[in-house]
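**Student:** Fold the following.
(3 chains)
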Amino acid sequence: MKARQKRLLFVALGIAGVGAAAAMALNALRSNIAYFFSPSQVLAREAPADHVFRLGGLVETGTLQRQPDGLTLTFVVTDNAEKVKVSYTGILPDLFSEGRGVVTKGKLGNDGVFYAEEVLAKHDEEYMPPEVAATLKPHSDAAKALDAAQKATKASQVATQ
Amino acid sequence: MIPEIGHFALILALALALVQAIFPLAGSFTGSRAWMGMARPLAWGQFTFTLLALAALGQAFLTDDFSVAYVAHNSNSLLPDMYKVSAVWGAHEGSLLLWATLLAAWGAAVATFSRALPLAVIARVISVQGMVSIGFLLFMLLTSNPFDRIFPMPPEGRDLNPLLQDFGLAIHPPMLYMGYVGFSVAFAFAIAALIGGRLDAAWARWSRPWTTVAWIFLTIGIALGSWWAYYELGWGGWWFWDPVENASLMPWLVGTALIHSLAVTEKRGAFKSWTVLLAISAFSLSLLGTFLVRSGVLTSVHAFATDPTRGTFILIFLCVVIGGSLVLYAWRAPSVSTGGGFTLVSRESFLLANNLLLTLFAALVLFGTLAPLIYEAMAWGKISVGFPWFNMMFLAVMPFLALFMGIGHLARWKQDEPGRLARQLWIAFALSVAVTALAFLPGISAGHATVPLGIGLAAWLTFSHLTGLYERLRHKRGLRGALADLTGNSRSYYGMLLAHLGVAVLIVGITMVSHFGVEKDVRMSPGASQEVAGYRFQFEGAQAVNGPNYRAHRGRFLVFEGDRQIAVLEPEKRAYLTGGMPMTEAAILPGLTRDLYVSLGEAVDQQGDWALRLYYKPYVRWIWLGAIFMGLGGLLALSDRRYRTAKQRVQAGDTIGAAGTARI
Amino acid sequence: MSKSLRFLLPLALFVALVALLFFGLGTDPRKVPSPLVGKPVPQFTLPTLQDPKRTVSDADLRGQVSLVNVWFSTCVSCRAEHRQLMAIAKESGVQIVGLNWKDDKPDALQMLRQFGNPYHVVAFDEDGRVGIDWGVYGAPETFVIDRKGTIRYKQIGPIDQAVWQETLRPIVDQLKAES
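**Tutor:** Numbers count the residues shown, from 1 in each chain, chains lettered A, B, ... in the order given. The predicted structure follows:
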């Protein structure tokens, strides 16, 4: 094969390779990304019914309950307009507490309960995850869009089941 | 007073950097030896003043000078001295100062250890380093001054994040930064070469040792971070594909491609423009990583305090440095001759293939890291890209990488015959296939196809390299010959061997711990036992204890293997006195073939029951062992006598046009 | 010439990357001013921290320039800014109203006993609902209110001397000069 043809072959192979890699990557991405939804969006049926997604909001004070098996916990996540009950079996991250922001990852069950695989507490005690802050609704009619919080300055923990 | 001195030192360093960036470079064009001769003293001067500033900050921490805002925000009089020192680089401003100091240090090192280089080359390289330093010093002085005072002076500092009060994490940033910053040398050499308009083997030979040292530091730095996350965060994870972790992995991947590419450019004069591009990219990714961590663009576990002003500054800095170098590249690189040709089956093509694979993987990691931002920019929603996608990409690329690694080291330069390679490697190949087949047995693979894949690849790497070693030693005379080989000019070969074996070890570790690791969340009462992977954990209850700056609950576990008690594990749940954040201190029984790991969740009731997590982690230490092998391999390669006698080969000249003959 | 074009590719990719990152910076939430700025303070009535029988409401924020400072006792940055608040209360004559947000009453009282009380009065927002109305997402946050009871500025993060001298004090002085 002549040098020029060889070069063209390499270029063609290269483009094909990159194309294949991109296709594979994007395809894999579609089935592996988790979108974020607020409780209002979940109740408005905007969240996928059978796919993993992230649910975030404030943990409603007084709703954290430990189930009889000792390991399953239920709590309610709210954006001050709607609520979703969450069930999680495992150990919660240290920064999780009622009244603070939380992001969970899991699937919505047929019973309307969100079964979390992961509870993420990516913030410190003072501020909450920006995605949560952005979707919280005001308690009264005062303001519509609210500014998000300062992002975390400290390392935090992820609990996985 | 001392903080003011530190501040002033930074200003002086900036002034020197400005001179350093302009005069030696200009001198290299006008031929002014006086101006070019300024390069080395300027580099040493800049280093002296930035070091002074760092020392001043360190002193402020050690003397509990809470009138300095940075000290007040990151330290506390109760903090042990060692962590007061590491608190210097624990947050944004101080870590920038560390960056700047290390940058100046590398510059001074280049100034010191480059006697053999032509003056014009050194002048250009040091000027480029000066330009980068300007950026960091300016950034600090304008937006992130670590010496800002705070009035009124708080009586006590805010405590350092307890997670950062740890030896592993204390040395992890300096190691990483040595790596990031070290790539600035290869970058400076590349830019100097582009400016000079000539790239040849000599340039590659000069860049190689510097790049290898940077690469070693980065390897160890990343491994330290992973190890730290494993034992400190309490959740048994060792890699999270977190944006900041990815920010360190990308320069490493490109850096690995770079050190191999430099080898080709040095030996064969090929890949020149590609090597230059890699050198630019490695350092660019280091800078990009700095941006991602500090700008607030991505949410991450590690991110420093964010500020849009700072983010904008760094982004502009990135544009100037990276954009400028890529413009230079686009302009100059085409005129560089492409050098030695090679056939499809040759060492060059295997190295090229792996270079492309490494770069591809780095691009994929970059894409995955930025995907949430892309989606938000296109208003497609708020997403997060997690483990599964990154792992899939890793699995798609790694097998090919390992495959070619196994062949490349045996292939001849320029031209080789497939038949010859096959003859040498068929035994190794057959053995690897056999091992893979064995691993498919249900008892071993546990139903996952990736287990045999991982084991098989590791076997392939090991057998093929052992074959190579055997071939090599066969031609030396006996053991004495082999030892002479090791102490002689072939340390780079053994370095390569060790580093590549490190990859095999790493693959084994990752495969085993990912598939055979067991994680059990349980609720246990005092006196109860739980069985995990053949080990019995007996919970003896938890009691309240007090530490130097925290209060804790400490659990007690007796661990049995069969009937024999092998350990007592005491995990803790701590609450630090000055910050409300609770912390999990896991208890680990380390071992070469397995770790046993316990972490406390929380107390479940008043009778002493606790929710907790028990782990069995097989071969997890092989992950870091692999990284250590890689680092040691690099060190071994570095100590090859070739580099220490390289000075004889350089001719005097004005540009990088030294006619160093390429070694085959 | 395709040869030269090939060398421009990295630059082109970099430009695309920079565009993306600039966008990312622009969406940084800290750059978006609070939408409550320019609006009247939300209506509220809360018991005071020290005496649950007394109440404080939005009416108390009309008639003079005030700072409303959101804090809770385990918030480390709040403790860090406390001294500055004491200094502001003593020197500037501006009324500081505290909003004790989702705190434990004994802990909050203890903190005031230990570090001093810069507040004219402290509203005890135990469940945080009033904080939500104010758009509070963390602590410390400080609102600057004018005589008419309109929110004029929101400071996110602790106040140190630099913040007071360079940012808040000029605003306060300007509001005081308004009729």
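**Student:** residues in contact with residue B:381?
**Tutor:** Residue B:381 makes contact with A:35-36, B:375, according to C-beta atoms under 8 Å, 6 or more residues apart in numbering or on different chains. In this view, the C-beta of every residue, glycine as well, is placed from N, C-alpha and C.
**Student:** same thing but at 7 Å, please
**Tutor:** Contact analysis of residue B:381 by C-beta atoms under 7 Å, 6 or more residues apart in numbering or on different chains lists A:35, B:375.
**Student:** Need the per-residue pLDDT for it.
**Tutor:** Confidence at residue B:381, expressed as pLDDT, is 78.
**Student:** Where does it sit: helix, strand or coil?
**Tutor:** The assignment at residue B:381 comes out as coil when based on DSSP: H, G, I helix; E, B strand; the rest coil.
**Student:** all strands for the stretch 401-550 of chain B, in order.
**Tutor:** B:518-524, B:529-532, B:535-546, B:550-561 (DSSP state E, counting those that start in this stretch).
**Student:** and the ones you listed as a markdown table, adding mean pLDDT and distance to chain A?
**Tutor:** Formatted as a markdown table, these follow (pLDDT from 0 to 100; distance: least, C-beta to the nearest C-beta, whole Å):
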| stretch | mean pLDDT | distance to chain A |
| --- | --- | --- |
| strand B:518-524 | 89 | 3 |
| strand B:529-532 | 92 | 12 |
| strand B:535-546 | 91 | 13 |
| strand B:550-561 | 91 | 12 |
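**Student:** Could you single out the most deeply buried of the ones you listed?
**Tutor:** For the strands of the stretch 401-550 of chain B, average neighbour numbers computed from mean count of other C-beta atoms under 10 Å in any protein chain shown are highest in strand B:550-561, which has a mean of 19.
**Student:** out of everything not next to it in sequence, what's closest to residue C:77?
**Tutor:** Closest residue to residue C:77 apart from its sequence neighbours, by C-beta to C-beta, 6 or more residues apart in numbering or on different chains: residue C:158 at 4.3 Å.
**Student:** looking at chain B, which residue lies furthest from center?
**Tutor:** Here chain B reaches farthest from its C-alpha mean at residue B:607, the gap being 46.7 Å by C-alpha atoms, centre = their mean.
**Student:** In contact with that one: list those residues for me.
**Tutor:** Residues near residue B:607 by C-beta under 7 Å, 6+ apart: residue B:525.
**Student:** repeat that for 10 Å
**Tutor:** Counting by C-beta atoms under 10 Å, 6 or more residues apart in numbering or on different chains, residue B:607 touches B:525-526, B:541.
**Student:** sec struct for it, please.
**Tutor:** coil.
**Student:** Got the phi and psi for it?
**Tutor:** Torsion angles at residue B:607 (phi, psi; degrees, to the nearest 10) stand at phi -90, psi 10.
**Student:** Considering only helices and strands, which part of chain A has the lowest mean pLDDT?
**Tutor:** Taking mean pLDDT, DSSP states H and E as the measure, the helix or strand of chain A with the lowest value is strand A:157-160, at a mean of 32.
**Student:** where does chain A have low pLDDT?
**Tutor:** For chain A, the stretches with pLDDT under 70 are A:1-3, A:121-161.
**Student:** per-domain residue ranges of it.
**Tutor:** Domain segmentation of chain A under automatic domain parsing yields A:1-33, A:36-160.
**Student:** give the contact list for the most centrally placed residue in chain B.
**Tutor:** Chain B has residue B:218 as the residue nearest its centroid, 2.7 Å off, counting by C-alpha atoms, centre = their mean. Taking C-beta under 10 Å, 6+ apart, we find residue B:218 in contact with B:175-183, B:248-249, B:251-252, B:255-256, B:282, B:286, B:631.
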